[in-house]
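>>> heads up, no residue letters with this:
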């Protein structure tokens, strides 16, 4: 067999691809696996953004691209069907939960058990939330943090290297199929494969769109979540967090649905760089030696657009307008927002900002939908916690979570082109680390059965 031919080639070395390769290599010692990624191996992924500076990468940004993808970020694995994707609808809710348990077992095998998991389920809060007009979403969580997550994926990489052929810093330029074989041209030369899996996540969205079109595959609608990030007193939500580390709340109205995302008690807000945009993001308390006195979360409102280009254009216009070409993030006091007046200064504000934003008037820069959703949500939250939201609470604009346009796949993630598969976030079915990893385990098992029956 030629060295450039493999039984399975995986494009993208993110979380879904890693768990796919790990599952397959452990259950079939003969199958040949090739993994290609535009970025670098994990130990070489360094960027000035990691230290709070500017991007120092040449070409693609190593903060988001390379082995483990976004898995090396905060490493938060939520084991639930309540949010984080639609994998449960595709392969069954119980099957999805079972696969996520396997994901957790693998993480623990490589050191994840040094961080205890926790549950956000609380029947009492759920009942009170319902009375306040909020749905309480629950999950089992293992929040690894950036450092431990990187250590775990580095250990997995060393194991994978014993069986998987890696091609880093490699761009796949064309994909074609002749007979039963896929032919790939790349910056590292030509490759052929019997089965082709694409797991490029959000970072490869433009590339995937181009390759899919060349193969005659066209996506449907694209989801885009955007919303305001909130920073409040650390004890503001004590009445609902006293028995759990965090919670996820959802409000539904006739014109919108909104859900809290990435709640960080005692955490900080940092800058997130994606698609040329700068957004406020949450940082886990364990990432710094000293916890903050604040709590933060984003309130995301999902919208659907006819195409990926339309969704990205909308995000670019709104968030790019706020950034003003200089990475600007706007910040406003909750009291000023309610009174529709500009925040002039945060000097003396009870809640000290953990991110250096620029004072302004959110209502002048953020579409009304996101402000209205936040106003109604915080009103219901006040009912739930039995006290007013502190007027010095800070609002940052604007956070976003991007989603891949969904290309049609069957129950095994196979596209309309035989032996071409999509997994993880680029399948449009998963929106979280846990569900992306579970999709990799699922497809790995499918391949094990396929090769054992040959």
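Sure thing, it's come through. Values in this document were obtained by computation on a predicted structure and should not be read as measured data.

>>> what's near enough to touch the spatially closest residue to residue 71 that is not a sequence neighbour?
Ranked by C-beta to C-beta, 6 or more residues apart in numbering and with sequence neighbours excluded, the top spatial neighbour of residue 71 is residue 15, at 4.2 Å. (Each C-beta comes from the backbone N, C-alpha and C, glycine too.) By C-beta atoms under 8 Å, 6 or more residues apart in numbering, the contact set of residue 15 is 68-71, 424, 433, 436-437, 440.

>>> just those now: which is nearest residue 44?
Among the contacts of residue 15, residue 68 lies closest to residue 44 (C-beta to C-beta), at 11.9 Å.

>>> wait, residue 401 touches residue 225, no?
Yes - taking C-beta atoms under 8 Å as the definition, residue 401 is a contact partner of residue 225 at 4.1 Å.

>>> what do these two both touch?
What both residue 401 and residue 225 touch, as defined by C-beta under 8 Å, 6+ apart, is the set 261, 300.

>>> hmm, back to that, next, the residue nearest to residue 71: phi, psi?
Residue 15 adopts backbone torsions of phi -60, psi -50, taken as degrees, to the nearest 10.

>>> now it: how far from residue 421?
Residue 15 sits 16 Å away from residue 421, going by C-beta to C-beta, to the nearest Å.

>>> go on, residue 324?
41 Å.

>>> which one's more surrounded, the two?
In terms of neighbours (other C-beta atoms under 10 Å), residue 421 is the more surrounded of residue 324 and residue 421; the figures are 24 against 12.

>>> quick check: mean pLDDT of whatever helix or strand that one lives in?
Using DSSP states H and E, residue 421 falls within strand 420-422. Strand 420-422 shows a mean pLDDT of 97.

>>> do the same with stretch 185-195
97.

>>> buried residues in that stretch?
186, 191-195 (16 or more other C-beta atoms under 10 Å).

>>> mind listing the helices for this structure?
Along the chain, the segments classed as helices by DSSP state H run 15-27, 87-91, 93-109, 123-131, 145-160, 205-214, 238-241, 308-323, 334-338, 362-365, 368-385, 433-452.

>>> contacts for the third one next, please.
The contact list for helix 93-109 (C-beta under 8 Å, 6+ apart) reads 19, 22, 77, 79, 81, 87-88, 91, 112, 117, 142, 144, 152, 156, 434-435, 437-438, 441-442.

>>> residue contacts, the nearest residue to residue 8 once chain neighbours are set aside?
Residue nearest to residue 8 in three dimensions, not counting chain neighbours: residue 195, with 4.7 Å by C-beta to C-beta, 6+ apart. Counting by C-beta under 8 Å, 6+ apart, residue 195 touches 7-9, 182, 419-421, 447.

>>> repeat that for 10 Å
Going by C-beta atoms under 10 Å, 6 or more residues apart in numbering, residue 195 touches 6-10, 31, 33, 180-182, 414, 418-421, 443, 447, 450-451.

>>> try residue 364
Shown in contact with residue 364 (C-beta under 10 Å, 6+ apart): 330, 332, 340, 342.

>>> among those, name the buried ones.
Neighbour-count burial (16+ other C-beta under 10 Å) applied to the contacts of residue 364 gives 330, 332.

>>> pLDDT and distance to residue 207 added to the contacts of residue 364, as JSON lines?
Below are the contacts of residue 364 laid out as JSON lines (pLDDT from 0 to 100; distance: C-beta to C-beta, whole Å):
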{"residue": "330", "pLDDT": "98", "distance to residue 207": "32"}
{"residue": "332", "pLDDT": "98", "distance to residue 207": "37"}
{"residue": "340", "pLDDT": "96", "distance to residue 207": "43"}
{"residue": "342", "pLDDT": "97", "distance to residue 207": "41"}
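
>>> what about the nearest residue to residue 111 once chain neighbours are set aside, neighbour count?
Closest residue in space to residue 111, ignoring its immediate chain neighbours: residue 152 at 5.4 Å, by C-beta to C-beta, 6+ apart. By other C-beta under 10 Å, 23 other residues sit near residue 152.

>>> now do residue 415
Neighbour count for residue 415, taken as other C-beta under 10 Å: 20.

>>> same check on residue 314?
17.

>>> these two touch, right, it and residue 224?
Yes - contact criterion C-beta atoms under 10 Å: residue 314 and residue 224 qualify, at 6.7 Å.

>>> joint contacts of those two?
The contact lists of residue 314 and residue 224 share 303, 305, 400, where a contact means C-beta under 10 Å, 6+ apart.

>>> which of those fall within strands?
If you go by DSSP state E, the shared contacts of residue 314 and residue 224 have 303, 305, 400 in strands.

>>> before we move on, the earlier item: which one, of the helices of the chain, ends up nearest to residue 50?
Residue 50 lies closest to helix 145-160 among the helices of the chain, at 8.5 Å (C-beta to C-beta).
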